[in-house]
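A.B. asks: Below is the sequence, then the predicted model.
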Amino acid sequence: MIIPCTGEEGLKVDGFKLLSNRAAVHRLFNGPGPAEDIPDPPGYQSIRNAGLYMPVIDLIRKQLESMLSVVQLESGGKPVEIDGFRLKDLSDWAYPSACDPSEIIDHAGTRCNCNCVFCYNKGAPPSLAMQVPRRSAAEEFAEIRTRIKHFRPQAERSLFPGLGSTCEAFAHPRIMEILKELREKTGKVFRAVTNGAALTEPVIKGLADLKPVYLDISLNSSDPDRRGRLMGDRRPRVDIDALPLLKSAGIPYSVVIVPWTGVIIGPPVFGTIADRTGYFWGWLMLSAFGLISTCLFVLSIRLAARYRAGAAGECSPNARNGG
Ligand code: SF4
């Protein structure tokens, strides 16, 4: 119907920004242009991400875009520029769900208190890494409380789930409050994967009051020095000491060990060498050890054979008879 212009030149509009978030550009009409080079905003601010769970949101965007291309909306008799939309009543958006508590707990996993060499969150291409937007713990807590409000195990419905890989839920400063509120909604087991770095005595006592709880603990090494180096854990003893405390508190757990080159290389001494010097030197030391052991083994067999031959010669009748 119209061609937007700048000066005398026609312009193809291919994106828009929200007034509340001028940094993020949302693409329009899937058209080519500079907006294509701008990455999607993280989380559900991205239509692409939201569409993964709720394709109807993308449909609403398309309909809104096509409507805005032919009509001007007004408010109080004045034209208004529409630059975004939000969901009106979240209870309309709850979807069928088994209502596992981890659906909520995972939303607290937006940060981590370790820095593992093998972290699965490192190095993923941006298109796959559906990142969580950076927000304060208070903002995240507010969103999680909203999710708990719409978490309805009896009706088997909850809001659509989080995106991307979870980090460490126990690193969230409000995790115990979250778990307490969640316990009021469900009696199901709280099962969580944790690196254990936050499992101090008070936290374990708090968890004991919220049973049933089951933890999958990423221990990786019971040697504090090695755990510290592998996982970037500044207080590696906390997790190691947590295991007997969990046992006394009656909280079942499993221990997870990630197979990693520095760990699987064999006897502790070589694992430590590999940790300290890198896989190549650890492998070299192990190979040298293997080579030396093999040589010593062959040498000992040959010496034993020679000794046996000598002893047999001394005992043979010919030898005794001097011929
Ligand atoms: S504990 Fe998990 S999320 Fe944290 S650094 Fe290690 S692998 Fe990554």
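C.D. replies: Okay, I see it. All values reported here derive from a predicted model rather than from experimental measurement.
A.B. asks: what about the closest residue to the ligand within the stretch 151-300 of the chain, neighbour count?
C.D. replies: Closest contact between the stretch 151-300 of the chain and the ligand, by Cβ to the nearest ligand atom, is at residue 195 (3.6 Å). Using the backbone N, CA and C atoms, a C-beta is placed for each residue, glycine as well. Residues lying near residue 195 (other Cβ atoms under 10 Å) number 25.
A.B. asks: My read is that it contacts residue 232, right?
C.D. replies: No: the pair residue 195 / residue 232 is not scored as a contact, 9.8 Å apart, by Cβ atoms under 8 Å.
A.B. asks: Can you work out which residues contact both of these two?
C.D. replies: 114, 116 (Cβ atoms under 8 Å, 6 or more residues apart in numbering).
A.B. asks: Pull the number of nearby residues for residue 74.
C.D. replies: For residue 74, the neighbour count with other Cβ under 10 Å is 9.
A.B. asks: ok, now which ones touch it?
C.D. replies: For residue 74, the contacting residues are residue 80, by Cβ under 8 Å, 6+ apart.
A.B. asks: So it versus residue 16, what's the distance?
C.D. replies: According to Cβ to Cβ, to the nearest Å, residue 74 stands 19 Å off from residue 16.
A.B. asks: Ok, residue 214 next?
C.D. replies: To residue 16, residue 214 is 46 Å away according to Cβ to Cβ.
A.B. asks: neighbour count winner among these two?
C.D. replies: When neighbours are counted by other Cβ under 10 Å, residue 16 comes out ahead of the other of residue 214 and residue 16, with 18 against 13.
A.B. asks: three-state assignment of that one?
C.D. replies: The local conformation at residue 16, judged by DSSP: H, G, I helix; E, B strand; the rest coil, is strand.
A.B. asks: Show me which residues of the stretch 1-150 of the chain sit near the ligand.
C.D. replies: Within reach of the ligand by Cβ under 6 Å from any ligand atom, the stretch 1-150 of the chain has these residues: 112, 114-116, 119-121.
A.B. asks: Next, give phi and psi for residue 288.
C.D. replies: phi -60, psi -40 (degrees, to the nearest 10).
A.B. asks: what about residue 155, how many neighbours?
C.D. replies: 11.
A.B. asks: With adjacent residues omitted, what lies nearest to it?
C.D. replies: Once flanking residues are discounted, residue 155 sits nearest to residue 94: 7.8 Å by Cβ to Cβ, 6 or more residues apart in numbering.
A.B. asks: now residue 194
C.D. replies: Going by Cβ to Cβ, 6+ apart, residue 194 has residue 170 as its nearest residue, at 5.1 Å.
A.B. asks: Same question for residue 249.
C.D. replies: residue 208 (4.2 Å).
A.B. asks: Based on its surroundings, how many neighbours for the residue nearest to residue 155?
C.D. replies: Neighbourhood size, residue 94 [other Cβ under 10 Å]: 16.
A.B. asks: Please report how far residue 9 lies from the ligand.
C.D. replies: Noted for residue 9: a distance of 49 Å to the ligand, by Cβ to the nearest ligand atom, to the nearest Å.
A.B. asks: and that residue, what is it in contact with?
C.D. replies: No contacts exist for residue 9 under Cβ under 8 Å, 6+ apart.
A.B. asks: so what's it bridging to?
C.D. replies: residue 6 (DSSP bridges).
A.B. asks: helix, strand or coil for residue 254?
C.D. replies: strand.
A.B. asks: Just the helices from the stretch 1-150 of the chain, written as ranges.
C.D. replies: With DSSP state H, counting those that start in this stretch as the criterion, the stretch 1-150 of the chain has helices at 47-53, 55-68, 102-105, 137-149.
A.B. asks: List the neighbours of the last one that are in contact with it.
C.D. replies: It stands for helix 137-149. Helix 137-149 is contacted from outside by 90, 104, 107-108, 110, 158-159, 172-174, 177-178, 181-182, 185, using Cβ under 8 Å, 6+ apart.
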